[in-house]
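Visitor: sequence and computational prediction follow.
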Amino acid sequence: MTRAPRQGGAGQEDKRRLYVFNGGFLTNDRVRRILALSGYDLRLGIPGKDDLVGVWGRSPTAPRGEAVAARTGAGIVRVEDAFLRSLRPGRSGEPPLGLLIDPVGVHFDGAAPSLIEEIIRREPLDDTVVLGRAREGIERLKHLHLSKYNGFDPELEVPPPGYVLIIDQTRNDASIRHGGASAATFREMLVIAQEEHPGARIVIKSHPEAASGHRRGHYDQTHAVGWVSLLSDPVSPWALLDGAIAVYTVSSQMGFEAILAGHRPRVFGQPFYAGWGLTQDENPVARRQKRLTRAQLFAAAMIMAPTWYDRARDRLCTFEAAVDQLEADVRAYRDDRRGHVAVGMRLWKRGHLQGAFGRERRLVFQDDPGKAVLRARRSGRDILIWAGKENEVLGQAVGDVPVRRVEDGFLRSRGLGAELVPPLSLVADRAGIYYDPSRPSDLEALIAAGLPPGGAARAERLIRRLTLSGLSKYNLASDALPELPKGRRILVPGQVEDDASVRLGAGAERTNLALLERVRAENPDAVILYKPHPDVEAGLRAGLLPEGEALRFADTVVPRADPVRLIEAADEVWTITSGLGFEALIRGKPVTTLGMPFYAGWGLTRDLFPQPPRRGRASLLALVHAALVTYPRYRDPVTGLPCPVEVILDRLVKHEVPAPGRANRILSKLQGLFASQNWLWR
């Protein structure tokens, strides 16, 4: 049996020649690339008996390749989309996230085995690691509301619970014909559902391609009679399955998801998930006798059989990495599908804001707050405002229009924002903003909610990667660490004194000098290391503390030193609200706060200023996952597309971050001439 490798790629000498007779194999760059990485060399012409013929499932063009294979004795490899495909259906032009490269058959053809069926037959499916991944994968898809196609709104209301769910499919779909069913089967399924549930509400769910007008389904409004309703709204399949008391399907993938959601669906066709003891089969497949758990079926169909692709790093990847990528794509879609009116944004920020938030609907930039709110209200968009400018620009004019407050994320770039280096991560907070403790924020809610499925392992990997790579928020070129005095070392990071996090979150100490004085008073025998803030060192922000003044309380001043190496050399960190305190927590150092940063008040820091009572206890893993995975959004600087945090880590480690544009470099130099007028670039 010919199998594609799960990760990496094959050298040219190891590739199998794969002859194709469908133009889609040659014109679809993603399909061609996945096949190449999987060890196949696509060719045109006539194959030899040791070669392979590639066909797309049971498509109308498949008989061409089948005829050539029969004539030449070549083997056949059937290719289909994997079960997590993309944001929108393939007919919209979006490439697939992965493929089923099947040398045995095709998963929806009940007349013959397929790769999934062969894995189920051959493998014991008792590996505890794989089954653990499967159980976690199931919970993760449910938690994130991910499906094969994902152009739906998880917040859209579904019918009240207690209905019978019937799942429609597109007419003439190959999975119907090759699953022993027909259009008549759909009529029969509706009748049987009504007979088995007399008087119950019945909801027919339209297929996404039918709802979008690409293809026709088997049901329309003529079937919506009495207790029967047709649902074409783009709702979450998982939310819909939660409210169902019974599920009926012919061969839809949503039947598979029904199993994962805890149902035992009534199945009228012969899809890959039928016949394993998890369904009620109207048309059973006699050769399928093995009894599976949900985790075993998921492991075979989602982890072991598919070939998943990492578009950012151009390589094959695991199921989990594919979910990471899809999560980033889907989050950007769900956040941005209604569009935004951006108000109060400086000119230099607009390009990267457009790239980050304007993929679904281009951002509308409007400087006049009143016009911005009116435009947003009329068009159904929300408002994007740089967080520190909200009160100054919008005031009370916003009314009932949703506002998202934008700020840099905690893994920002290689370079300073004050030097006009574009960020790799941004947050858009609907509740507040992370550095303002006077009100809740989305970040607080995420931390309080705890770890999502798969979150603990992901946060652990992030901590390990950050620790080993030495990455921080800005990742600046730094001087070698000088020889430091011996003793109990306390690292005190300086701050921008007029920064919003200080204005809104500081306690009694609001200047760098006051901070140092308090640390010395509390720690008379400690070795105090003072690290000025890089924006202040560059002369771009307020808070410059002459070295002589700093040395009144500090033992040494370490300008331009690598903050990560300083953290490692210190025994503890004292700060007002500096993000360096968060980086110290990641690296296992004790942190004392004199203000109210986002990472304080969760039982992880020693807090000398009262923290908001709404904050409770949280684990470091929950804090890291919220702050680095779910709160920010990341944009890959190489592809320009949404990406998970792990891609940004790779880009930063490998220095694959483009330098600022020429206009930004010129403006940055001008800042030195107008250092006291920093409102021009903030």
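Guide: Looks like it arrived, so ask away. Quick caveat: nothing in here was measured; it's all calculated off a predicted structure. Numbering: from 1, shown residues only.
Visitor: check which helix or strand Leu84 maps to.
Guide: Assigned by DSSP states H and E, Leu84 belongs to no helix or strand.
Visitor: could I get the phi/psi values of it?
Guide: Backbone torsions for Leu84, taken as degrees, to the nearest 10, come to phi -110, psi 110.
Visitor: which residues touch Arg215?
Guide: The neighbours of Arg215, taking C-beta atoms under 8 Å, 6 or more residues apart in numbering as the test, are Arg91, Thr170, Arg171, His207, Glu209. Using the backbone N, CA and C atoms, a C-beta is placed for each residue, glycine as well.
Visitor: tell me which two in those are the farthest apart.
Guide: Arg91 and Arg171 (14.1 Å; C-beta to C-beta).
Visitor: poorly predicted segments of the stretch 251-400 of the chain, please.
Guide: Low-confidence regions of the stretch 251-400 of the chain, defined by pLDDT under 70, span residues 395-397.
Visitor: at 50 what do you get?
Guide: Filtered on pLDDT under 50, the stretch 251-400 of the chain yields no residues whatsoever.
Visitor: ranges for the strands of it?
Guide: For the stretch 251-400 of the chain, strands defined by DSSP state E, counting those that start in this stretch occupy the ranges 266-267, 280-281, 307-310, 315-317, 340-343, 364-366, 382-386.
Visitor: need the worst-confidence member of the contacts of Arg215.
Guide: Minimum pLDDT across those is recorded for Arg91, with 77.
Visitor: tell me how far that one lies from Ala448.
Guide: 41 Å (C-beta to C-beta, to the nearest Å).
Visitor: higher neighbour count, the two?
Guide: Ala448 (16 against 11; other C-beta atoms under 10 Å).
Visitor: for Asp102, grab phi and psi.
Guide: According to degrees, to the nearest 10, Asp102 has phi -120, psi 110.
Visitor: residues contacting it?
Guide: Val77, Arg78, Val79, Glu80, Ser114, Leu115, Ala305.
Visitor: between the residues you listed, which is nearest Asp607?
Guide: Relative to Asp607, the closest of the contacts of Asp102 is Ala305; by C-beta to C-beta it sits at 50.4 Å.
Visitor: do I have it right that the closest one meets Leu115?
Guide: Yes - between Ala305 and Leu115 a contact is recorded at 5.2 Å, counting by C-beta atoms under 8 Å.
Visitor: for the two, indicate the residue with more neighbours.
Guide: Applying other C-beta under 10 Å to Ala305 and Leu115 shows that Leu115 carries more neighbours, namely 28 against 25.
Visitor: that one - nearest residue in space that isn't next to it in sequence?
Guide: Closest residue in space to Leu115, ignoring its immediate chain neighbours: Asp102 at 4.2 Å, by C-beta to C-beta, 6 or more residues apart in numbering.
Visitor: list the beta-bridge partners for the one you found.
Guide: Beta bridges link Asp102 to Arg78, judged by DSSP bridges.
Visitor: and the gap between Pro271 and Pro113?
Guide: Separation of Pro271 from Pro113 (C-beta to C-beta) stands at 14 Å.
Visitor: the two: which has the busier surroundings?
Guide: Set Pro271 next to Pro113 and count neighbours by other C-beta under 10 Å: Pro271 wins out with 27 against 19.
Visitor: could you pull up phi and psi at the closest residue to that one other than its chain neighbours?
Guide: Excluding its sequence neighbours, the residue lying closest to Pro271 (C-beta to C-beta, 6+ apart) is Ser251, at 4.0 Å. Here is the backbone geometry of Ser251 (degrees, to the nearest 10): phi -150, psi 20.
Visitor: relative to Asp281, how far out is Ser251?
Guide: Where Asp281 is concerned, Ser251 sits at a distance of 11 Å (C-beta to C-beta).
Visitor: count of residues packed around Leu420?
Guide: 23.
Visitor: doesn't Leu347 make contact with it?
Guide: No - with contacts counted by C-beta under 8 Å, Leu420 stays clear of Leu347, the gap being 10.5 Å.
Visitor: number of residues surrounding the nearest residue to Asp109 once chain neighbours are set aside?
Guide: Nearest non-adjacent residue to Asp109, counting by C-beta to C-beta, 6+ apart: His178, 4.1 Å away. Using other C-beta under 10 Å, His178 has 21 other residues around it.
Visitor: just Pro95 next, same as before
Guide: By other C-beta under 10 Å, the residues close to Pro95 number 16.
Visitor: wasn't it part of a strand?
Guide: No - read with DSSP: H, G, I helix; E, B strand; the rest coil, Pro95 is coil and lies in no strand.
Visitor: just give the nearest non-adjacent residue to it, would you?
Guide: That would be Arg30: by C-beta to C-beta, 6+ apart, it lies 3.3 Å from Pro95.
Visitor: buried residues in the helix or strand that contains Ile567?
Guide: For Ile567, the enclosing helix or strand under DSSP H and E is helix 563-569. Within helix 563-569, the residues that count as buried by 16 or more other C-beta atoms under 10 Å are Pro563, Val564, Leu566, Ile567, Glu568.
Visitor: ok, of those, which one's closest to Asp41?
Guide: Distance to Asp41, by C-beta to C-beta, is smallest for Val564 among the buried residues of helix 563-569, at 44.9 Å.
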